[in-house]
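> no FASTA, just this:
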């Protein structure tokens with residue numbers, strides 16, 4: 001089944017046969033008045049999800065003045081904030097294809113580009129399972145993202161690109177030496193996934209890359 005997403009709702013679900021859907025719902029603000037840090041993180045995640053860069057900048061500044069970095073605050077709030085699933089603002093921005101937000105978070109905030117959520121997924125996986133923006137994928141790779149880092153089920157970025165038929169994304173990953181033989185629990189190697197989803201052009205690309213590796 002091809003992955004789907006409603007284009008009218010930034011909080012809707014991207015489905016996948018390989019991974020849990022990216023159900024990007026707003027984080028629930030804690031009711032406890034003592035949970036100021038948790039509230040700040042919830043607001044930060046929601047602002048990143050909504051693409052509100054000015055709000056994100058203010059919240060990051062507030063955290064910095066309190067002596068906390070973004071990654072530290074997100075990790076600390078994982079228990080106190082409902083709906084985070086350990087996802088950081090970069091996961092949200094990457095899934096929604098927000099390049100300006102991603103640049104700010106990677107360059108200015110120095111967030112961990114390979115941070116994982118509760119399913120073991122990185123922002124790079126979110127970027128490909130989300131809108132599949134080549135710009136975002138390249139940005140993350142240029143900032144040190146591990147293109148072979150798989151989630152808890154062994155699903156790596158190239159698996160998702162093969163499933164969704166994102167040819168240019170797959171080309172980019174392969175040009176950066178993505179491994180074509182990584183096996184995931186639900187679908188095998190990227191080449192098997194391309195066949196299963198009927199992506200002939202993707203299959204040809206993967207076969208050519210395998211041939212090049214063998215003959216090099």
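Perfect, thanks for sending it. On a predicted model such as this, the values are computed, not experimentally measured, just so you know.

> What segments of this protein are helices?
Taking DSSP state H as the criterion, the chain contains helices spanning 36-50, 53-65, 70-77, 89-95, 99-103, 123-129, 134-142, 157-164, 167-175, 190-196, 200-215.

> For the third one, give me every contacting residue.
Translated: helix 70-77. The contact list for helix 70-77 (C-beta atoms under 8 Å, 6 or more residues apart in numbering) reads 37-38, 40-42, 44-45, 60, 63, 68, 84, 86-89, 105, 109, 111-112, 115. Where C-beta positions appear, they are placed from N, C-alpha and C, glycine not excepted.

> want to try CSV for the helices of the chain, with mean neighbour count, distance to residue 183 and mean pLDDT as columns?
What follows is these, written out as CSV (neighbours: other C-beta atoms under 10 Å; distance: least, C-beta to C-beta, whole Å; pLDDT from 0 to 100):
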stretch, mean neighbour count, distance to residue 183, mean pLDDT
helix 36-50, 22, 32, 88
helix 53-65, 16, 37, 95
helix 70-77, 19, 30, 87
helix 89-95, 30, 24, 96
helix 99-103, 18, 29, 98
helix 123-129, 30, 16, 97
helix 134-142, 20, 22, 98
helix 157-164, 30, 9, 96
helix 167-175, 19, 16, 98
helix 190-196, 21, 9, 94
helix 200-215, 14, 14, 87
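
> Of those helices, which is nearest residue 20?
Residue 20 sits nearest to helix 123-129 of all these, at 9.6 Å, using C-beta to C-beta.

> Which strands and helices lie in contact with that closest one?
Contact here means 3 or more C-beta pairs under 8 Å, 6 or more residues apart in numbering; DSSP states H and E; on that basis helix 123-129 packs against helix 89-95, helix 134-142, helix 157-164.

> among these, which is nearest residue 195?
That would be helix 157-164 among the helices and strands packed on helix 123-129, by C-beta to C-beta, at 9.1 Å.
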